[in-house]
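[1] Provide a 3D model corresponding to the input given below.
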Amino acid sequence: MRRRLKNKWDILKQKIYIIIYGSNTFAGKLFDLALLGVILLSVLLVMLESIESYDLKHHKGLLICEWVITVFFSLEYALRILCNKKPLRYIFSFYGIVDLISILPMYLSFFIPGSRVLTVVRALRLLRLFGILNLVPYIGQESHLKLAIKASRTKIIVFVYFILVVSILLGALMYVIEGKDSGFSSIPRSIYWCIVTMTTVGYGDIAPQSTLGQMIASLIMIMGYGIIAVPTGIVTAEFSNIKRNRLDAKKRRNCSSCTTTIYDEDANYCYNCGQKLGDVYGK
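    Predicted coordinates:
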């Protein structure tokens, strides 16, 4: 009897696992669509709660919806643990931690007033869209981007150091030229103005009044357009190099006789030793 119940429980867990973690069945796709809808609804509710006038008018309705969503996420979290053969792997995974954090604020609101504001973390659950919408094949491009950023980090660090030096020098210069009367009350504040101007943000809280100061400001603005493009160009160049290298790696072959690398896909013989490549690769 116990064995039969155990078998039924194992079958049930397997069915739940296929529905929650699989997307090839009708039930799995339906669950994914339902989960997607609830995630989008939860994010929408968080946005609406941040509008004070709307929250005051519909506070009770929003609160009820929040609890319904929290219960749904709690059941989903519990089922993911129960049907998983290695529950700890899920619990301590990125998505597992995000799922847990997304349901805690509502329960903590009973003990810690104001903790409901942390429900904004539910926006992180939007990352599940990559899996739900079968975008996994495109995530492979993420590894290329990481490698490109890693390969270009030294150049970017040197570039940022150069920008900081220029900002300090020009900020100090503007402090001397404009002075406190124009809002450049200190060198740090002048450096802040230089960074804001160089990045073309231009808050307008500080502005040079003298002709010389305006000329320097114009130079900084023009310089800013070129500066913004530099990090993008560095990463893009490295990204292209990585993709080209991986493409070359797929095309190249090694001669079994002299281990010479052959890049020509149409080559039948090794150019170094004359070994017939067709003998090696079965052409």
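[2] in this structure, which helix or strand is least confident?
    Within the chain, confidence by mean pLDDT, DSSP states H and E is lowest for helix 277-281 among all helices and strands, at a mean of 49.
[3] what about the strands in the stretch 151-283 of the chain?
    Under the criterion DSSP state E, counting those that start in this stretch, strands of the stretch 151-283 of the chain are mapped to 253-254, 261-262.
[4] what's in contact with stretch 156-166?
    198, 223, 227, 230-231, 234-235 (C-beta atoms under 8 Å, 6 or more residues apart in numbering). For the C-beta atoms, the positions are set from N, CA and C on the backbone; glycine is no exception.
[5] for that stretch, the distance to its chain's centre please.
    Between the centre of stretch 156-166 and the centre of its host chain there is 24 Å, according to C-alpha atoms, centre = their mean, to the nearest Å.
[6] in that stretch, what's buried?
    If you call a residue buried by 16 or more other C-beta atoms under 10 Å, then stretch 156-166 has these buried ones: 163, 166.
[7] Likewise for stretch 30-40?
    When neighbours are counted by 16+ other C-beta under 10 Å, the buried residues of stretch 30-40 are found to be 31-32, 35-36, 38-39.
[8] now stretch 200-218
    Residues of stretch 200-218 classed as buried: 206-208, 213, 216-217 (neighbour count, 16+ other C-beta under 10 Å).
[9] shaky segments in the stretch 1-150 of the chain?
    In the predicted model, the stretch 1-150 of the chain carries pLDDT under 70 at residues 1-6, 23, 114-119, 129-145.
[10] do you know how far R125 is from Y90?
    According to C-beta to C-beta, to the nearest Å, R125 stands 15 Å off from Y90.
[11] Over to G204?
    As it turns out, when the distance is counted by C-beta to C-beta, G204 lies 50 Å from Y90.
[12] what about the helices in the stretch 101-250 of the chain?
    Remark: helices assigned in the stretch 101-250 of the chain by DSSP state H, counting those that start in this stretch are 129-132, 136-151, 153-178, 187-198, 211-251.
[13] Tell me which of the ones you listed approaches V120 most closely.
    Nearest to V120 among these is helix 129-132; the distance by C-beta to C-beta comes to 17.6 Å.
[14] Do me a favour and get the end-to-end distance for stretch 79-88?
    Counting by C-alpha to C-alpha, to the nearest Å, the length from the leading to the trailing residue of stretch 79-88 is 13 Å.
[15] So what touches it?
    So stretch 79-88 is contacted by 13-14, 16-17, 20-21, 90-91, 96, 99 (C-beta under 8 Å, 6+ apart).
[16] Now do the buried residues in that stretch.
    For stretch 79-88, using 16+ other C-beta under 10 Å, the buried residues are 80, 83-84.
[17] Which one of these is nearest to I191?
    Relative to I191, the closest of the buried residues of stretch 79-88 is R80; by C-beta to C-beta it sits at 49.6 Å.
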